[in-house]
Structure formats: structure tokens, C-alpha cells
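Undergrad: please find the sequence and the predicted model below.
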Amino acid sequence: MASKAANASRAASTTPRRRAASRAAYLEAKLGFRNYWYPAVFAHELADGRAIGVRLLGENILIRRVGGVPMAVEDRCLHRGVRFSRKPECYTADTVTCWYHGFTYRLSDGKLVEILTEPGSSLIGKLALKTYPTIEAKGIVFVYIGERAAGELAGDVPPNFLDPDLEIDGIRDEVKTNWRMGAENGFDTTHIYIHRNSPLVTGNSIVLPLGMYPNDKHGFSTYTESEPKGVLDHTFESYHPVFEAAIDGQTVARSKGINNQKIVAREVSIWMPGALKVDPWPDPALIQFEWYVPVDVDVHMYWRVLGKRVGSPAEAAAFHEEFETRWKTLALHGFNDDDIQAREGMEEFYRNDDAWEQEHLFKADSCIIEWRKIASQHNRGLQPFA
Amino acid sequence: MASKAANASRAASTTPRRRAASRAAYLEAKLGFRNYWYPAVFAHELADGRAIGVRLLGENILIRRVGGVPMAVEDRCLHRGVRFSRKPECYTADTVTCWYHGFTYRLSDGKLVEILTEPGSSLIGKLALKTYPTIEAKGIVFVYIGERAAGELAGDVPPNFLDPDLEIDGIRDEVKTNWRMGAENGFDTTHIYIHRNSPLVTGNSIVLPLGMYPNDKHGFSTYTESEPKGVLDHTFESYHPVFEAAIDGQTVARSKGINNQKIVAREVSIWMPGALKVDPWPDPALIQFEWYVPVDVDVHMYWRVLGKRVGSPAEAAAFHEEFETRWKTLALHGFNDDDIQAREGMEEFYRNDDAWEQEHLFKADSCIIEWRKIASQHNRGLQPFA
Amino acid sequence: MASKAANASRAASTTPRRRAASRAAYLEAKLGFRNYWYPAVFAHELADGRAIGVRLLGENILIRRVGGVPMAVEDRCLHRGVRFSRKPECYTADTVTCWYHGFTYRLSDGKLVEILTEPGSSLIGKLALKTYPTIEAKGIVFVYIGERAAGELAGDVPPNFLDPDLEIDGIRDEVKTNWRMGAENGFDTTHIYIHRNSPLVTGNSIVLPLGMYPNDKHGFSTYTESEPKGVLDHTFESYHPVFEAAIDGQTVARSKGINNQKIVAREVSIWMPGALKVDPWPDPALIQFEWYVPVDVDVHMYWRVLGKRVGSPAEAAAFHEEFETRWKTLALHGFNDDDIQAREGMEEFYRNDDAWEQEHLFKADSCIIEWRKIASQHNRGLQPFA
């Protein structure tokens, strides 16, 4: 019995081996990819003058809003290496002063402009903090991590996210797994099995199969000629939904939403450097966007964001009200908190680099294999890790 | 003064060095030995249909009782590596279904028999989980860890444990030390010094010396020609009990049980792969068995089990009642909890592999040296560790 | 912008590189220096007969007061390596007995004099614990760590600490940073910026600038010809105090104590193996002494001690009363707890050995550079670390 199992295992593992070359960079991307824009904080977290420390791709960054504009510098004084954000001190509009010895830097260019405890020090003007480009869009402050010149934000976020009529609201939470566990769980078309009893299904009358698998290899489209690059599953057209499952001929699970009316998740897509779009979701009138931003090798920031097309400030206000009172609890927490559990379940296995050779993917995982391939072959650079 | 100490230390350390060859395998056995049966759970923990995850010798194992019979498979879905036991799902009598994507395995042979989210997947029938042999005996489910064909359980448990008239009851607890700290503390004939004030001594009128040391090298017998292999101290015949101790002529400690009537611990023995027998204990009518099962390098499962010979169901019931109301508190916790403290006290030192060269054993430790030798020379294989 | 920053950084980093040779030993001194006296416990913690375990420079030591005299031995039984201090047993005035098997050692010379569980063991007289010299002075028990013969305590403590008319009181607390973060924060003449709003300034009407920097390289004296070796800042004579600071011409910070009357911190000095003296402080009638004793690589024991010259037992008693009711809260906690925060702020950066190359020191740090040089060139030996 043991040897049969071993044989079966050996046969199946040839498939992963053949895939190895095309996904090599992805397996190295423990801290994600450089030369992209990443969401850092919600705009409402950053009142004018306020300074916040964040960690993105293993880099500590201080963000402060100066005259309405977010500025970002490395969150580490060049003198003795302490983080400004432990006790942010900002005496003037466009500077940050280190709480320890008063080293004062200009946020716009990072230059050391004063030392409060030794005015006129010869170091002044000779040192500069690393600065990071920032953009504020859709109520989110994005920071660019990389050494190349920053490109358009539109090239680094899912399509339609920046549409002028799209109103955005959301939450962010740290999750203790590598960011790829987040990305792969989100884009996975059969992971919805874990959601089969979610209050969202009955609470919003949506159709939710137990899983969906592609009819053939044309179930998804890849986008590698323009920005952003990504993979899109045409779930409605080219995927087969499973509503009922049997073991040895005995029905054991059935979708609760099989007779529901609202069709959602017609398209599920993932985009570099690691953002999901589910359109529509969790309601035919909404789109869900997610980011899985590397914090450290074993932590990512999970962004859950909903968008709704609105035609007036009143509609926008109604959406935010609806977000707070309905979607945040029913969908983002009620449904997506299950995804956090699933990622945590994978973390132990994938912490070991051999896992990528030991896993056994099935046809429904084709879109994940494609995502890994695109991420490996079309990224702008790997973030090194220690 | 410092140099004198160094000299003394050097002189004594030649002894351990000479012993090194004969105990080499034991020092490598951080995760214990392969090709043995190990207790995994008490039978009463495993109601029919219930699935429990355990970790034995660093391996995660799922045990489920199917039609009364315990079945064991590796606790890791072959698809994405998650543990079934995080959220066990068992739809039919003899399968386990992964909570993440519905991969369903037959417990008897480990084969992938269905995938609920992609019925008819080409992987079905091609993959199989590793399975583990199980045996239920004396109210304990044993699991066999190894690649060789499993032998008789009788060869892997202390003598008499399987005697038909012996009724068994017990508890198990995780202890945060390597398993060898458990085994050596249990078999140690002078560690009883720590128990000299135990409520068990006065509460059950047993004779308990401060320590016992062998009169000569024939104080113990070794069993290496048959199974199980082990060492047995003839404490009553060949050991010298110490009831009173003095420092510089001044009496400083005296056994509380010196005038008691009940003779216990006539024989203390240890058996591969790491189980103790104290006969009789903690009462002339009882035998105590213990296992120190490796969980991880720094954790072991401590099994404390009592056996009593019974002649009828009524006597068996009376024993279980007596176990619950008397022995569990007075003996297993009241007495043996002190042993847990002792093991924890050793852990810091023995965590460092050099400790085995730095320790200074005395004559009373001869039986421990013999145990290390037998474990090194007569084991069926080492469990590798990372 | 990024490349400008990189250039500036490169230019400034030539300075640290030139300093590397002279401070090499200091950078290796993660666990401090051997062959020195270190404060271990306050005398009042060690009632006669009591045994306490301490960890100094990574060594576990048991201290017991025997007939009024503190004795120190390694806190590890030679038999199975357990710490005596887990459960100290002392049956006679000058011995310690291991709680596990009764190995009994004489504290004065460390010799194994008895084994309670095997009286007359052949090991008796052949093994000895390492012993440590001790001295009690000024209400503190000092332990000598090293292999060379211990010298006078006076050579290892700041000047005046042992003056007969100086009455001492203090506290000690573990801080989770390397000891050098403590030493450098304490001796740093501009770190006082963090204290600018301390209740001590207004509560005791002391003059406290935002920072002080040396007028030239003669701002401090070095003492390397006699013991103890150290560096002393003549802050009052040769340092420039900064009472007001501006950014872009705008005043942003002003000393609260600028108009106060009490001059303190006229001299700030640091002494091998790592002790500070601030004279006077926190009042013109007081002197503050501090030790930063390595416990482990990432923990040090922070000793905060005040001294006052007294002429009678009544004055001594008044000082202890004043210490308890006023200085402990206002100065030691109210002021120096901020220093703990500062050290913790540095720890993340300096945990990485590259930090010492990446830091950018300024003129005010000259005395710290001098301290590193003296510690590197005039120490009596490095404590090795794992």
C-alpha cells in the first residue's frame, strides 16, 4: 500500500517539474516585485500633517501628508537608525524631525536640513533619506517601490479601478502568511468550496457554486502586451460550475445558492503586482478589488475594497452608508474572513520551499499556474529578501 | 581555585568520552526511532466517525474511527498541503474530504477517490495519501511509524501490558522537552529524591527511599534477544535504598516513608522505543506504564497509565472509579507532575548537543547508560530530523 | 533624487570606515568584557542564607550569602546540568544541594562534597563547580567574571563611587536591548533632547539644554593610564549647550529649563567595563551612577543608582527616605524610563552588525567614538558569544 502511494505520487509529480522553469521567479518572490505602485494607507488614515509608518515589501516607510499631498521617506534616521514613526515629530509643514537627536529632514527630497541639538552641523546638506514617490487615488495612498522611474498608476492596478464614476470603500488587515497565499487563494476558482455556507449566499441571494473549473485551456485570457499584466477567468462563459457533489454516488454537498437569482463573479482576474478583481461581487452592482501587499516574508496586508458606479455625490454617500452597514459585515468579514483561515492553512506547507514541488495541482488550478507564469516572466524586478 | 575546578572537570570527563561510541545513535535520536508502534490517542477520545490530528515523531497524522476501526493517514492534503484536521470533513464512513477544495481520500488505502469541486478530475485514482497501520489495544490507539512491515504490538510495549486480565486507565499530556528527558527521568533510580515530600508517600503509606543505587553492575538485566528490548532494574534485590542523608555528618534529609509497610517499585524497567514500567506502582496492586512519545524535537507526549489485574467487569469498573477518584490526583498528578518539572529543568542543558559530553554521571546512573546503549545498538531505525 | 541621496550617503560613509580599526573589539563585545567586576544584586535582595540565580554576560550564576558573605558558583549542577536556582536547596550554611539528585557542593570552593542519594559516591571530591569572586560594597554585591586574578573593585567602578561618605541607593531592571545601546545612550550628550519635557526639569528646577556639543576635540579627557579607564566630558567648560532650535529660521523647540538655577551634569563620564557617572545629577547634591550589564546578547540589566555625601547616620537615613519618596519616581523612572525607550528604538537597527558601518555620527558623537576606541583598545578581554 505504501509503495503504491509512492508510485502514484511519483507519476503525478512530473507535471510540477515541467512547470518549474516558467515559474522560477515567482517562487523567489517571497517579498514581491519591485518597480510597482502599492497601496500603503487609506487616505482617511492620513489627516493633514499626520505621519504614519508602514512596512511594504520589507521596507520601513514614513508617510506624511504635507499640504494635502502625501510624502514618503525611509522610516529610519540616518544617524542611529531609529524609526521616526516610533514617535513622529513634525515641527514644520514639510519636514520630519527625529525624536532622538533632532535630525531634521525635508520630506520632498529627503535632505538633512537641520540638527536641533547641534545647529550648523557639517552633516547638514550632505545626507539624504531615500524618498518614495506617492500618488493618492480613490481614497488610497499608493507608494512606489523601486529604482526605475515610476510609471502610471493605471498600469499597476486592476482595470476599471480608476474609472471616474467608481466610488471606493474598504478595509485593510494584516494576515500572517506570505502574500502569495493571499493571491492564490483569491484567484482560485474552486476555493469557493469553503464559502458554501457563508451568510452572504443566503443574505444576498447570490449564485455560488461549490467550485468552477475551466472547460478547456481557453477558459482564461492572459494580458501581457499592455499594463497591467494579468490573467482573467471568463467564469461565466468558459467555466463549468459545480453545484452538487457526490462521493461513491452519494450526494454529499449542494450549493445553497443554486436557485438564487443574482449572478456574480462573471469575471475573476488577477493583476501584477498582486491585485484581484471580482466583477461583479458581492452584488451585481459592485466590484471587489483585493491587494495582497507583502509586509514581511510571512505577513501580508490584505486590502478588501469595493467599488460602485455612482452618478452623484448623493449616490456616493449612499454607497458609503451601504458599505458600512451592510457589505463590511456581510461580505468583507462574513465571507472573506474565511479566506484568511484558508491562507493560514496553507502557510505551514508553503513556508518550506520544497512545497512548490510537492503540491499536486488539478485542472481547476490552470489559472493559478498561468498567474505564476505571468508573474515570473513579466515582472519588473524581484524584491530581495534576507 | 578556578584551575583546580578545571582539572577536576577534565579528569571526570574521560568517562563520558569512552562511552561515546556505544551511545551514538541515541544522541541522534532527537525524534525517536522508526519502525515501532506508538500510542497516539486514547480510544475514548475517538468516538466513531470522529477525526483527530496528532503529531508523532514530527509527522502529522489524521486518525479516524471507521466502523469501529481506527484508520490513519497523513494529515496533509496532497493538493495544497493543508491539514485536514484544521477542519475535519467526513461525508462518508470511510473517507476524509479536504475542507479547502474538496479533495476526498479513502482512509483504508489513502487513495484520492473524488474531488468535490471538479468531479471526474484526472487526478482521481492517481494520488494516494501515506497510510499508517493502527491497532487498538487496552483502550489505546497505537500507530505504527516506519517503512518496514509492522510487527506485533507485543514487541513494542512493556511486558505484561497486554495481559488479558490487566485493566488500563490513564492520561496524556504534552511536555515541552525532548522525549529523552522524559525517558531518563522516569528510569532514573535516584530522581525519586524530588518526590520525597510527595503526598503519595503519606497518602498511600508506601516505602520511598531518597534514592536507590545498584550494589554492583549486576543490579539490572538487559533484554536484547527478544522483543521488546529493554533494561530492568531489580531494585528490591540488587539496589541499595538510601533512607537518610547527611552533609558533613549532619543529617539533612530523611525518607518520610521509611516506616511504611507497602513495598512498591520492586522492578523498574524501560523498553524500546521509549516506555517505562514500574511494578508495582503506586500501590502493591497496581503497575504503572509510561510512554514518552516524540512530538517534535522539543516536545513529547507524556502518557501516564495504570494497570490493575481484574477478574470481572465489576472489578474493572471499580478500578476505573478508583483511578478517577484516587490515583489520578494522588499519583499521576500529585507525584508525576514533579517529574515534568524535572525534565523541564534538564531541557535547557541538553538542548545543546555538547551536553552529552559535559554531563557527569555517577554509579546510580548505570542503568541509564545501559538504556542509552541498548537504544543505540538495538533500535530499528532513526527518525530523521530537520 | 534617489541617486543624489545615494551620493550623499556614499560621501558620508567614508568617515565610519576610517574609524573601523580602532573600534573593532567593541563591535565584537556583544556580551561585554571579561576580567571585570560587575554588579549582580543589591545586598538587600540577598538575606542571609538566601540563594539567587543571576545571569551575567551569558553565564548563569548562583549567589548565596553565607554567614554574611556572598558566595557565587556556577548555577548548573555538574551531574545533569539543571540550575540550582530553579529550586534552591541549602541544608547547611556553606553548601548548595541540587534539587534533582542531591549533589551537594561547598560554596567556598565549589567542590562536590556529598551526594544525598548515593552517599560515598566515587565522584565526591573529584568534581568542582566554577566559583566566582564576590565583593559587597555600597549595598551592592559585585561578581567578578574572568579567568585572571580579580583586581581591586575600585579599578572597575566609576571614580568616587566607593568614597566612604557617599551613601548609595538605587534600582535595577532588565532592558531588552544589547548593553551597548544602554552605554551609548547614557553617555550621549545630545540624547537629552528626548528629555526636554521631562517632569524632572520643572519638578527640580534644573538647567537642561536640548543638547550639548563639544567646542573642539578637547571637550573630553581620556583616562587610560590608570584604573578605571574611561572618558569624561567637561560639559560645563568645553561644551556648547543648545537651548533653542530652529528649522528654516523658525524656532521650533526651546529648553524648558533655560531660566532654571540648578546646574547639573557638569561632568558626564563612562568607565570600563560599562558604567556611567553623571556628576552632579539629578540635583546639585547628588551623583548618578549607571551600569549596563550584559545579560544576553539582546538583554542588559540597567542599574540606576544615586549617591549622596552624608555626614551621619541620620543624613544617610534622610537620603534613603528622599530617594524613595522623590528621586525614584521623579528622576529614575520619570526621567530615565525615556532612555529605555530610546535604547529600544536603536535595537532593531544595531541588531544587524552592518549597522556600525551604516550609522552617520556627528560632531556631538565624538565622545561616543572615543568611548568605543577606549573600550576596544583597553579592555581586559572579550566575553565570547555563541
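TA: Received it, and whenever you're ready, just let me know what you need. Residues are numbered from 1 along each chain as shown, chains lettered A, B, ... in the order given.
Undergrad: from here on, contacts and neighbour counts on C-alpha atoms
TA: OK.
Undergrad: all helices for chain A, in order.
TA: A:2-12, A:14-28, A:179-187, A:199-204, A:235-238, A:313-322, A:337-350, A:355-358, A:366-377 (DSSP state H).
Undergrad: and those, which one is worst for confidence?
TA: Looking over the helices of chain A, mean pLDDT reaches its minimum on helix A:2-12, with a mean of 35.
Undergrad: quick check: bridge partners of residue A:95?
TA: In this entry, residue A:95 is beta-bridged to residue A:106, by DSSP bridges.
Undergrad: what's the burial count for residue A:362?
TA: The number of residues packed around residue A:362, counting by other Cα atoms under 10 Å in any protein chain shown, is 15.
Undergrad: return the most buried member of the helices of chain A.
TA: A comparison of these by mean neighbour count, using mean count of other Cα atoms under 10 Å in any protein chain shown, puts helix A:179-187 on top with a mean of 25.
Undergrad: centre of the chain versus that helix, how much separation?
TA: 8 Å (Cα atoms, centre = their mean, to the nearest Å).
Undergrad: want to throw the helices of chain A into a markdown table with distance to chain B?
TA: Below are the helices of chain A laid out as a markdown table (distance: least, Cα to the nearest Cα, whole Å):
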| stretch | distance to chain B |
| --- | --- |
| helix A:2-12 | 5 |
| helix A:14-28 | 11 |
| helix A:179-187 | 10 |
| helix A:199-204 | 17 |
| helix A:235-238 | 14 |
| helix A:313-322 | 31 |
| helix A:337-350 | 5 |
| helix A:355-358 | 8 |
| helix A:366-377 | 12 |
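Undergrad: can you name the residue of the stretch 101-250 of chain A nearest to chain B?
TA: residue A:211 (4.6 Å; Cα to the nearest Cα).
Undergrad: ok, residue A:24 touching residue A:374?
TA: No - with contact defined as Cα atoms under 8 Å, residue A:24 does not count as touching residue A:374 (10.9 Å).
Undergrad: domain map for chain A?
TA: A:37-145, A:153-377 (automatic domain parsing).
Undergrad: and the gap between residue A:241 and residue B:118?
TA: Using Cα to Cα, to the nearest Å, residue A:241 is found at 9 Å from residue B:118.
Undergrad: which neighbours do the two have in common?
TA: A:211, A:212, A:213 (Cα atoms under 8 Å, 6 or more residues apart in numbering or on different chains).
Undergrad: and the last one, how far is that from residue B:308?
TA: Taking Cα to Cα as the measure, residue A:213 and residue B:308 are separated by 59 Å.
Undergrad: ok, these two, which is more surrounded?
TA: Using other Cα under 10 Å as the criterion, residue A:213 and residue B:308 rank with residue A:213 on top: 26 against 21.
Undergrad: spatially central residue for chain A, please.
TA: residue A:291 (1.7 Å; Cα atoms, centre = their mean).
Undergrad: pretty sure it is touching residue A:300, no?
TA: No - taking contacts as Cα under 8 Å, residue A:291 lies outside contact range of residue A:300: 9.2 Å.
Undergrad: how about the residues of the stretch 1-150 of chain A by chain C?
TA: With Cα under 8 Å from any Cα of the partner chain as the criterion, the stretch 1-150 of chain A meets chain C at residues A:78-83, A:86, A:91-92, A:99-102, A:109-111, A:113-114, A:116-119, A:121-123, A:126-131, A:147.
Undergrad: in the stretch 1-150 of chain A, where is pLDDT below threshold?
TA: A:1-21 (pLDDT under 70).
Undergrad: tell me how far stretch A:373-385 lies from the chain's centre.
TA: Counting by Cα atoms, centre = their mean, stretch A:373-385 comes out at 15 Å from the chain centroid.
Undergrad: same deal with stretch A:36-53?
TA: With Cα atoms, centre = their mean, you get 16 Å for stretch A:36-53.
Undergrad: list the buried ones in that stretch?
TA: Using 16 or more other Cα atoms under 10 Å in any protein chain shown as the test for burial, stretch A:36-53 gives A:36-43, A:46, A:48-49, A:51-53.
Undergrad: residues near residue A:163, how many?
TA: Applying other Cα under 10 Å, I find that residue A:163 has 12 neighbouring residues.
Undergrad: and for residue A:79?
TA: Applying other Cα under 10 Å, I find that residue A:79 has 17 neighbouring residues.
Undergrad: ok, and the closest non-adjacent residue to the residue in chain A sticking out farthest from the centre?
TA: The C-alpha centroid of chain A is most remote from residue A:120, which lies 44.7 Å away (Cα atoms, centre = their mean). Excluding the flanking residues, the one nearest residue A:120 by Cα to Cα, 6 or more residues apart in numbering or on different chains is residue A:114, at 7.1 Å.
Undergrad: what residues are up against the one you found?
TA: Residue A:114 neighbours (Cα under 8 Å, 6+ apart): A:102, A:103, A:104, A:105, A:120, A:121, A:124, C:247.
Undergrad: pLDDT below threshold where in the stretch 201-350 of chain A?
TA: Looking at the stretch 201-350 of chain A by pLDDT under 70, you get an empty list.
Undergrad: show me where it has strands.
TA: Using DSSP state E, counting those that start in this stretch, the strands of the stretch 201-350 of chain A run over A:211-214, A:220-223, A:230-234, A:239-242, A:244-247, A:250-254, A:267-271, A:275-279, A:287-296, A:299-309.
Undergrad: out of those, which comes closest to residue B:143?
TA: strand A:244-247 (27.2 Å; Cα to Cα).
Undergrad: mind listing the strands the closest one pairs with, and their directions?
TA: strand A:250-254 (antiparallel).
Undergrad: contacts for the strand it pairs with?
TA: Taking Cα under 8 Å, 6+ apart as the rule, strand A:250-254 contacts A:210, A:243, A:244, A:245, A:246, B:91.
Undergrad: I'd like those residues as CSV, with neighbour count appended.
TA: Output for the contacts of strand A:250-254, formatted as CSV (neighbours: other Cα atoms under 10 Å in any protein chain shown):
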residue, neighbour count
A:210, 29
A:243, 20
A:244, 18
A:245, 21
A:246, 16
B:91, 17
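Undergrad: identify the farthest-apart pair in the residues you listed.
TA: Checking the contacts of strand A:250-254 with Cα to Cα, the most distant pair is A:243 and B:91, at 16.4 Å.
Undergrad: now list the buried members of the contacts of residue A:114.
TA: Using 16+ other Cα under 10 Å, the buried members of these are A:102, A:103, A:104, A:105, A:121, A:124, C:247.
Undergrad: of those, which is the nearest to residue A:201?
TA: Closest to residue A:201 out of these is residue A:105 (52.0 Å), distances taken as Cα to Cα.
Undergrad: show me what contacts the residue lying closest to the closest one once chain neighbours are set aside?
TA: Counting by Cα to Cα, 6+ apart, the nearest residue to residue A:105 once its immediate chain neighbours are dropped is residue A:112, at 4.3 Å. By Cα under 8 Å, 6+ apart, the contact list for residue A:112 reads A:103, A:104, A:105, A:106, A:123, A:124, A:125, A:126, A:127, A:128, A:129.
Undergrad: one more pass at 7 Å, please.
TA: A:104, A:105, A:106, A:124, A:125, A:127, A:128 (Cα atoms under 7 Å, 6 or more residues apart in numbering or on different chains).
Undergrad: so who does residue A:213 touch?
TA: So, once contact is read as Cα under 7 Å, 6+ apart, residue A:213 ends up touching A:189, A:239, A:240, A:241, A:364, B:118.
Undergrad: and with 8 Å instead?
TA: Taking Cα under 8 Å, 6+ apart, one finds A:189, A:190, A:239, A:240, A:241, A:363, A:364, B:117, B:118 in contact with residue A:213.
Undergrad: burial of the nearest residue to it once chain neighbours are set aside, as a residue count?
TA: Of all residues not flanking residue A:213 in the chain, residue A:364 sits nearest, at 4.6 Å (Cα to Cα, 6+ apart). Neighbours of residue A:364 under the rule other Cα under 10 Å: 23.
Undergrad: hmm, residue A:364 is touching residue B:118, no?
TA: Yes - the pair residue A:364 / residue B:118 is scored as a contact, 7.2 Å apart, by Cα under 8 Å.
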